[in-house]
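# Sequence first, predicted model second:
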Amino acid sequence: MSTITTWNPYHELERIQDRVFRAIHQTGEEGKTLLNQADWTPAVEISEDEKQYSIAADLPQIAREDVKVIVDNGSLVIKGERVREELSEGKKVHRTERSYGKFHRSFTLPEDADGSGVTANFKEGVLIVNLPKSEEKKPKHIEVQVG
């Protein structure tokens, strides 16, 4: 027999509010809270094949020198900054939809990823980070004998 539960929107609202308050009070690097640590968030695409995981991050108008990729404690961190160009004398901006400032993305590495073999390439505004899969952490298949 199934149990019927009544959905209470106030409980859902409390749960969301709780998550927001926890995020406000979590601190990141240099004692900053996670909500003011990054000014914008670049879009990423994460994929995998038999040999590796790949993360592609859209970082247009960012110099390679302004991007850092860090692997530490089971996490992969991509951070950097996009700086707004100085306006020349007499030039006005009428509309800005681009994001500027610091960015910070952090990803938990899968158990079978080999963080020591990470590589990163930067081409045409896209950062591609490759994480090879570890041979020793691949699941072992054991045949079960019935007898």
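Happy to help now that I have it. These figures come from a predicted structure and were not determined experimentally.

# which strands and helices sit next to the longest helix along the chain?
Using DSSP state H, we find that the single longest helix of the chain is helix 9-25. Under the contact criterion of 3 or more CB pairs under 8 Å, 6 or more residues apart in numbering; DSSP states H and E, helix 9-25 touches helix 34-37. (C-beta placed from N, C-alpha, C; glycine too.)

# In PDB, list the C-alpha atoms belonging to the helix or strand just after the helix it packs on.
Scanning forward in sequence from helix 34-37 by DSSP states H and E, the next helix or strand is strand 44-48. Only the C-alpha atoms of strand 44-48 are listed here, as PDB (Å, rounded to 0.1, in the frame of the first residue of the first chain):
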ATOM      1  CA  VAL A  44      31.600  24.600 -19.200                       C
ATOM      2  CA  GLU A  45      30.900  21.300 -20.900                       C
ATOM      3  CA  ILE A  46      32.100  18.100 -19.300                       C
ATOM      4  CA  SER A  47      32.500  14.900 -21.300                       C
ATOM      5  CA  GLU A  48      34.200  11.600 -21.000                       C
END
